[in-house]
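K.L.:
Any chance you can model this:
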Amino acid sequence: MLENFKKDNLSKIAIVGFIFFTIWWINLFLSGTKSESSNYLFGAIYGPVMSLFGAVGGLYASRAWGGWKSVMGRAIILLSLGLFSQAFGQIVFSYYGIFLGIEVPYPSIADIGFFGYIPMYFYGIMLLANASGVKLKIRPITSFLQVIIIPLGMLIFSYMLFLREYEFDWTQPLTIFLDFAYPLGQALNVSLAIVLLSLSRNTLGGIMKNRIVLLIIAFIAQYFADYSFLYQNSRGAYYVGGIVDYLYLVAYTLMALGLFQLRATALRLRAQPAEK
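P.N.:
Here you go, the predicted structure:
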């Protein structure tokens, strides 16, 4: 996989960006600041830069599969739009803190972007399964277990671990919806991606396996980033530039790398006849 990153210029740029923001975050974290302008500056730059770069690069990568004309191309476009959605959320979030100088409310307009990516990722995963030649059948029994049990298990795990002791405030119905929809929606995306990996390990000569594994890791990183934000925010412990923002940095980078590697797969498939 590392060798594939070295051969792809978009992946190399993403890795360099990740290293740069990681060094910046470490310095910020060690300084111990929590509400300084340096925190808000980091939050205003890393999110839009990495998510927008991944989104634009992903749209470019979709062209290698024929863009909207192909199922794989549409899958990559939907995942890229998910990154665009998160970029919108990051920009609005930073606007509250930097230009308005107020604590970001929850929910807020930023959640249009932060939540909007979940259905986009879901649809993208379904298209990716279709493009990989995976048919979600309930027979034989192993397929039934993969398609039903894994997603159900993920949803139960998410509820028991994150929401079991949740205190309902029915005066804030939108807050309740988002508190459940964020972790459960991401749990569904992760579980579907795991099912996709299991059922597609032999498709396209097996070359899709590593790409899908990378996307699964990106979904998992996004899942924990979302939950960490909800958990800390509900307890008044969240601050810009903390561990939550670094988790989002990791998630955006992994998703970008996953999209770029799908482009590399298309180029590899094109080159195969010439190698014979």
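K.L.:
so where's the stretch 51-200 of the chain uncertain?
P.N.:
Along the stretch 51-200 of the chain, segments meeting pLDDT under 70 span 132-148, 150-151, 155, 158, 161-163, 197-200.
K.L.:
show me where it has helices.
P.N.:
When assigned using DSSP state H, counting those that start in this stretch, the helices of the stretch 51-200 of the chain occupy the ranges 71-95, 110-131, 141-144, 150-158, 173-200.
K.L.:
of those helices, which approaches Tyr239 most closely?
P.N.:
Proximity to Tyr239 (Cβ to Cβ) singles out helix 71-95 among the helices of the stretch 51-200 of the chain, at 12.6 Å. Bear in mind the C-beta positions are built from the backbone N, C-alpha and C, glycine included.
K.L.:
Redo the helices of the stretch 51-200 of the chain as JSON lines? Include mean neighbour count and distance to Gly17.
P.N.:
Below are these laid out as JSON lines (neighbours: other Cβ atoms under 10 Å; distance: least, Cβ to Cβ, whole Å):
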{"stretch": "helix 71-95", "mean neighbour count": "22", "distance to Gly17": "14"}
{"stretch": "helix 110-131", "mean neighbour count": "21", "distance to Gly17": "20"}
{"stretch": "helix 141-144", "mean neighbour count": "12", "distance to Gly17": "40"}
{"stretch": "helix 150-158", "mean neighbour count": "16", "distance to Gly17": "30"}
{"stretch": "helix 173-200", "mean neighbour count": "20", "distance to Gly17": "24"}
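K.L.:
Quick one: closest of these to Gly242.
P.N.:
helix 71-95 (13.5 Å).
K.L.:
same for that closest one, what does it pack against?
P.N.:
If contacts are counted by 3 or more Cβ pairs under 8 Å, 6 or more residues apart in numbering; DSSP states H and E, helix 71-95 sits against helix 37-62, helix 110-131, helix 243-275.
K.L.:
Please spell out which residues along the last one are buried.
P.N.:
In terms of neighbour count (16 or more other Cβ atoms under 10 Å), helix 243-275 has its buried residues at 244-266.
K.L.:
any chance of the helices of the stretch 51-200 of the chain in a markdown table, with distance to Leu28 too?
P.N.:
Formatted as a markdown table, these follow (distance: least, Cβ to Cβ, whole Å):
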| stretch | distance to Leu28 |
| --- | --- |
| helix 71-95 | 15 |
| helix 110-131 | 21 |
| helix 141-144 | 47 |
| helix 150-158 | 30 |
| helix 173-200 | 25 |
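K.L.:
For the helices and strands packed on helix 71-95, give me a markdown table that also has distance to Ser11.
P.N.:
Converted to a markdown table, the helices and strands packed on helix 71-95 look like this (distance: least, Cβ to Cβ, whole Å):
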| stretch | distance to Ser11 |
| --- | --- |
| helix 37-62 | 9 |
| helix 110-131 | 19 |
| helix 243-275 | 5 |
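K.L.:
thinking again about what came up before, to Asn9, which of the helices of the stretch 51-200 of the chain lies closest?
P.N.:
Of all the helices of the stretch 51-200 of the chain, helix 71-95 comes closest under Cβ to Cβ, at 17.3 Å.
K.L.:
Just want the angle from that closest one to helix 173-200.
P.N.:
150 degrees (axes from the mean of the first three to the mean of the last three Cα atoms, to 10 degrees).
K.L.:
now the angle from helix 71-95 to helix 37-62?
P.N.:
Using the same axes, to 10 degrees: helix 71-95 against helix 37-62 is 160 degrees.
K.L.:
what angle sits between helix 71-95 and helix 243-275?
P.N.:
Going by the same axes, to 10 degrees, helix 71-95 makes 160 degrees with helix 243-275.
K.L.:
could you check the angle helix 110-131 makes with helix 71-95?
P.N.:
Using the same axes, to 10 degrees: helix 71-95 against helix 110-131 is 170 degrees.
K.L.:
how far out from the middle of the chain is helix 71-95?
P.N.:
Computed by Cα atoms, centre = their mean, to the nearest Å, the chain-centroid distance of helix 71-95 equals 9 Å.
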